[in-house]
Each structure stands twice: as C-alpha cells, then as structure tokens.
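Participant: Sequence first, predicted coordinates after that:
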Amino acid sequence: MRRIFLLPVILLIAACGTLLSTQLDSLYGPPDPTRFDVPLKPAADASYLQTIQPILNQRCVVCHACYDAPCQLKTTSWDGLARGANKTTVYDASRLLAADPSRLYIDAQKPSEWRQRAFFPVMNEHMSTPEANRAVGLIHRMLMLKKQHPWPAEADQHSKLDISADRANMCPTDFEMAAYERKEPLAGMPFGLPGLSPEEHRKVTTWLEQGAPYEGQPAVPAAVTAKVRLWEKFLNGDTLKEQLFARYAYEHLFLAHLYFGDGISNDKLRNYFKLVRSTTPPGQPVNIIATARPVDDPQTSRVYYRLVEERETIVAKTHMPYRLDAKRMARWRQLFFAAPYDVNKLPGYSEETAANPFATFAQLPVGARYRFMLDEAEFTIMGFIKGPVCRGQVALNVIQDQFWVTFLAPSDNYDKDVDALLQQSSELARLPTGNRTTGILAPWLAYGKLENEYLKARSELLAKVIKKPADVNLNLIWDGDGNNDNAALTVFRHFDNASVVKGFVGDTPKTAWVIGYPLLERIHYLLVANYDVYGNVGHQLASRLYMDYLRSEGESTFLMLLPKAQRNAVRDSWYRGDSQSVREQVYGGPATTLNVDSGIRYASNDPKKELLELMRKRLAPVIATNLDWRKQTPASLQAPLQKLAASKGLALQWLPETAVLVVEAPDGKARSYSIMRNTAHASVSHLLGESKALVPEEDTLTLTPGIGFSYPNAFYRVSATDLPAMVTALQGLRSERDYAAFTQRWAVRRDNKDFWAFSDTLHQRYFTEQALEAGILDYNRLELR
C-alpha cells in the first residue's frame, strides 16, 4: 500500500519540477550547457582573479573545497564554479559498486561534459541578461537568501538550521530553488555563517550580472617553465631503469604540491604543480590518463610523467608541499642510478600488481626506496592523513589521539635483510585493496591470516639478526643522519580528521610507532596509492580493518626496545578490555614474540616513558622545535599558557577536539595557538562503539604555536590580561552549560558579527607566519555551542 501511495507523490514532484523548468525556459530561453565552455573575457579594468576569487577564498572555499565540498561544488577556481554541483555524495560508505570518479580537471574538461555526468549549473546558463543571471543563477539566489535571512540574533533560533558535519546535503537545482527558499530560509550562503559585506555582495553580484567573465590563468613565468622542462626531462628517460624509477616516484608523489626551491619564486607568488600521467611526451600538450588510482592500468604503451600547474586555491586539508631542486635531483640520481643494478622488464598493472608494491618494484634497491620515503617522512605520513582516506570517525578510530613516530635506521645490512624478507614473503605482504570493488568481510579475514604469516617470517628474520640483548639498542632508531628533522614526528587525531607535524610535540604520549621500510610502504599503498575514495564499501572497509594490523606492527617494534618483562604490561595498557587474541595481535600472535631482551639500560619504574625520553635525547640534534610554544611566547604569557598546556582530566571532555586561541597583547599584536584535546581511549581496536572505549579522566591537552590542523572546531579570543581567567574557566568546566557560558565570553562563534574580520586576520597571520604549509582552513566542523 505504501508503494502505491508514494508513486503519485513521486509523479507529482516530477511534474512540478518539469513545470518550473518549463517556466524558466519560457522566461529566459532554453539552457545552453555549452555557455561556459569558453568563458567571457572581462572588461579591461576588471579581473576575476583579483576581485572575485579572493572573495570566494575568504567566504566560500572555507566550506567548498576537496572531496567533501557540499554538493561537490568547488569554489576553489572559476572552473569549479562553471562545473557546478552534483547531488551525489563522494564519501559514501554504503555503495556496493565503485562509482565513476568526478575529479575537477581530470574526469571531464568542459562544463557541457559535466552536465552529462549529472552536474547541474550554479550560474545561469539561459539567455545572458543581468535579470536572468540574477534570477536563475543559484549563487546569486543563495547570497540573496542569506542577505534576506541573516543569522538570527536569538540563540533559540539556531537549532532551525543543522550545521553538524554529518548533515545531509541540500542541493537544489535552479527550478528547485524556490521551494528551498521557503523551506530553508536560514540556509543561504555562506551556510551557517554571517553573510557577505555590502561591498563584497555588490562585487559578486556585478560579476554575475556581467555573465561571470574570466580572463584565464596567468602565464607561468619563464624561469618556472624552464624548471618544468628540466624536471620532465629527468622523469621521462627512455631506459627501463629510468621508467621504473619514474613510476615509483609518481605513485608516491601524485598528491604532492610540487614547487621549485631554487630561489625563482617567493612564498606569495609560488607556483605549485601536480605530477600526472600523460599519453603525450614533454613538449606536447598534456593528455592526462584519467584512471581512478595511480596504480591502475594506463592502457597505453608508454606513460609519460608531466607537471601541470595547480589551478585551484590552496586549502590546508589537502596541501602537501614538496620541494624540487638541484639537491633533490642529485639525491635521486645517487639513490636510483649510481647503484649497480639492472632492470630487465617493466612490471604491468594488474590488480595483483597494485596489491603488491614489493613485487612491482622488486628491481629497485630496497635501500633506495626506503631513503626516498625517509628523506621526506613527514610528507610520506601526511599522505595517510591528507589523502582522501582520512575523513570520518570510522576511518580514523584506528589510531590514538596523539603518538610519536620514529623509524628504523637504514643500513647496508638492513637493506639486504629486508630484501631477503620481501623476496621470501612479498606475497604475504600484499594488500587487500588491489581492486576498487571488493568483498566486505571475507577478504579481511583472509588477509589477516596473510599478515600473521608475514609477521612470523619477519620475526624469524629478526631472530637471525637480533641474537643477544646488545643488538637491541637505540642505534636501531634512525637519527636523521644528523641533519634531517623528519626523524621525529607527532601524529594527532581529531575525531574525524588528523594532522602530522615534525618533532616530539606535547607530553609523553600513550603509544609510539617505530616504522621500518616494509611497514612504511604498505601503509602508503593501503591508504594512499591504492585507496579509492570512489571505491565500494568493501574496498573502503578493507582499508580501515587492515590498518589495525599495520598499527600493531608499528607498536610491536617500539615494544621490542622495552625490557622483555615489561612488554606485555605496556601492550595490555593500550588494549584494555580486549581479548587475549586481540592483544597478541600486536605481535602477530604468540608464536611471533621476540624472545631477546632489550639491551637498553633502564633506571626507572616507567620504562616506556624512559624510552621515549631516551629517543628524544638521541634525536635532539634534529628534532624540530618550532612547535614548542615556550620558544614562541613572551615571558608575560608563559605562566598562564603553561597552566593551560598542563590541563587534563574530566574538564576537557567539554572542549572540542581542536580550537584556535588568539591572544591579543596590549601593543595590539596577536598570537595564534592551537589547542588540541587528546581524547583517551581504553583501546582503538574496535571498528564501532568507540564511545564505550573513551576514558575522559585521562584526556590531555596539547598546545602549539600557530595553526596545526585544517578543521578548527572553535575560535577563542582573549586579551593577555584576561588569559589567566580564561584558563581557570576552562579547567573548571563541569557541564555543557558551563561550556556554553565559556563560549559566550571567550569564543568567536559562527553568529558573531565580527566573525569574518576575525577569520580574515587569522588567515593573514597564518599565511605570513607559516607561509609554506598554510592553506585556507575548513569551517565545515565549526561548532555553535
């Protein structure tokens, strides 16, 4: 009966949509999907890039960027606006089959092509008159809706608009917009934030009335073009060795924002490039090979690796800068071309090949591959975090909220041993994500068995190399060769997103990972090169479940350095409430436990903490200290910030995961600090039911100077004289009501009339003080409490 009732309703809705669409056609003529295939040129005294894109960057890009842009509308470039919006969600954990990718600049090139892929226009594609451009264009109507219905001053009205990060997208088309305006009057743009200023509104409206003209990207400077030619020549040599190396480099750098570091550009004018695969060689126009993943079959006899300019606004959540210069080229030549080895045949692109990078690149020296990743280890780990896999609670509840990362020291003997292990066990180390569409549970169980077999083989190798306690010492930890600050990293999880920074940041963490080459490579291929955001539920779930094994592998190497008698106790403290089999998985099962005691001399009753401090001492010459707030803070602020940084326990459960604190000094100078709540867990071994594993009395807080994450949940602003009172109030939180009172006094909330002025100044300071890593922040997770 219900289906019989719904059918007329569906038909009625469809009929109404058709009627409204017909009315638009009668008023403004039929739509022309090709209207924006060739943009109008602006008047001589006008510029989209200088006038409109800066407004979009400040007001729209903060929500509309990357894969999680609401309705897939990207405001990071004119091409994103011309492409339009799509009702399909990219992050879909329920689809049974892999979806067709919809990547800007890759999967289609013209707006008319995007119309054939279910993207609808957000700018008027009917006749081009000022009236039509206002009345039909969704951007203008969304801005007008905000102007007519600004954020209500009454707090009890805020609940009428759902601003949660997991809210359902509302994606009205042009003929659906009238109903949207009636149903959601508070949902104008910018969504859940104050509207544009009158001058901003005037500029954008004038531009839309003129037909959204665009002058095109400026020419790349000649000096930069010369660098592009140089690097494309280097990456497209004809020998098999050069081709195999280039493939390896591409599969590790395809997410990078590459820039040239030879003094030819400054931070404000830096040109960023993406490394892509093309069917055309250097010197010819790039023809991108649009596969879903970098490991997929290019279906061409020869792949060329080309550099294309990044045309979108740089956003913090995907910004991964990577320097190319003469030193880098010399380093790669030394690693991959100076060593005497042969490449006799290029590997293919089967699903089995995608699942097994060790077999794919077996002809490249293991030591060279490890050094390639170690040299920029922060970038390597950043791929796990800023790539598309790390979005959402389920994707990230596999890791602790704060932990330190170090690496096994490479050496000639290490290279030979690891090479032998991989030759023997490469099939055991293959990954469950070779296919974009996979089963759900069976592959995970099968690969769990393979992982245990791999760990058994690894332990047997370790037993041959580590025969006595003296072999287990701090020299096993890479010291950055005395000059590389990538040797010590800190990873933070912020519930449904994460960040990684150089240095040992914050208090001594609960856990730590020690990563060797096989583990580093496997995580990269699991979470970056092999991961497909458009893959089916089985593919995505396999990535998350298999990461449990890889996390345990990193932890077990750290445990190996502890006294043998203490290892199980430390392990069990990480997996409280879990079964014996789950706890033993840290070692890959009881049969793979290393029986050799540690040769490190411990003097305290807390060997884990002592080991972490010994690591800090060993790496002191290279540990980055720029995120030590004590070194970046004047004496007058030291005491209250020290009290803030020492906050822990139940009061912190009322704080958001991330917050930016701006302290304003009497001289008018402001300083930004990042506040990160480290949410304590009894265990992170469970896919679901995370709330049951929380231990709020063990929560801690990390304070760093500057901005250390991409998704702020809150902004706090305080004068230097009021800072002690704010810290006291924070540590006295006992309820949600207390936090609401706290935000009323100290927060710059979504409904603050000065929100955009605060945001603009914050971003300006961010780009000035952290020029290389800065990008537009994402406001989709800003709270209103």
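Facilitator: Here it is on my side, so go on.

Participant: Is the residue lying closest to N473 once chain neighbours are set aside in a helix, a strand, or coil?
Facilitator: Closest residue in space to N473, ignoring its immediate chain neighbours: G599 at 4.9 Å, by CB to CB, 6 or more residues apart in numbering. (Each C-beta comes from the backbone N, C-alpha and C, glycine too.) Under the three-state scheme (DSSP: H, G, I helix; E, B strand; the rest coil), G599 adopts coil.

Participant: who touches G599 in this structure?
Facilitator: 468-473 (CB atoms under 8 Å, 6 or more residues apart in numbering).

Participant: can we see that at 10 Å?
Facilitator: Each residue near G599 by CB atoms under 10 Å, 6 or more residues apart in numbering is listed here: 466, 468-476, 561.

Participant: how near is it to A620?
Facilitator: 21 Å (CB to CB, to the nearest Å).

Participant: Phi, psi for D375 please.
Facilitator: Dihedral pair for D375: phi -50, psi -30, per degrees, to the nearest 10.

Participant: so it touches F407, yeah?
Facilitator: No - counting by CB atoms under 10 Å, D375 does not reach F407; the two are 11.1 Å apart.

Participant: Mutual contacts of these two, please.
Facilitator: Joint contacts of D375 and F407 (CB under 10 Å, 6+ apart) are 480, 486.

Participant: Helix, strand or coil: sort out Y180 for me.
Facilitator: Under three-state DSSP, Y180 comes out as helix.

Participant: Helix, strand or coil: sort out the spatially closest residue to it that is not a sequence neighbour for me.
Facilitator: Closest residue in space to Y180, ignoring its immediate chain neighbours: P172 at 4.0 Å, by CB to CB, 6+ apart. Here P172 is coil, with the state taken from three-state DSSP.

Participant: Could you report the neighbour count for P172?
Facilitator: 21 (other CB atoms under 10 Å).

Participant: Contacts only, for it.
Facilitator: Per CB under 10 Å, 6+ apart, neighbours of P172: 71, 85, 87, 120, 138, 141-142, 178-181, 183-184, 187.

Participant: show me where the stretch 251-400 of the chain has helices.
Facilitator: 326-336, 351-354, 357-360, 366-375, 377-386, 393-396 (DSSP state H, counting those that start in this stretch).

Participant: Any chance of CSV for the ones you listed, columns mean neighbour count and mean pLDDT?
Facilitator: Below are these laid out as CSV (neighbours: other CB atoms under 10 Å; pLDDT from 0 to 100):
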stretch, mean neighbour count, mean pLDDT
helix 326-336, 15, 97
helix 351-354, 18, 84
helix 357-360, 23, 92
helix 366-375, 21, 96
helix 377-386, 23, 94
helix 393-396, 18, 68
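
Participant: I'd like those helices as a markdown table, with distance to R493 appended.
Facilitator: Output for the helices of the stretch 251-400 of the chain, formatted as a markdown table (distance: least, CB to CB, whole Å):
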| stretch | distance to R493 |
| --- | --- |
| helix 326-336 | 31 |
| helix 351-354 | 28 |
| helix 357-360 | 26 |
| helix 366-375 | 22 |
| helix 377-386 | 9 |
| helix 393-396 | 5 |
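
Participant: Report the separation between the residue nearest the centre of the chain and L733.
Facilitator: Nearest to the geometric centre of the chain sits K386, at 1.7 Å (CA atoms, centre = their mean). Distance of K386 to L733, computed by CB to CB: 31 Å.

Participant: Dihedrals phi and psi, K631?
Facilitator: Backbone geometry at K631, expressed as degrees, to the nearest 10, gives phi -80, psi -10.

Participant: who are the neighbours in contact with the closest residue to it other than its chain neighbours?
Facilitator: The shortest distance from K631 to any non-neighbouring residue, by CB to CB, 6+ apart, is to T625 (6.0 Å). Contact analysis of T625 by CB under 10 Å, 6+ apart lists 485, 502-505, 631-632.
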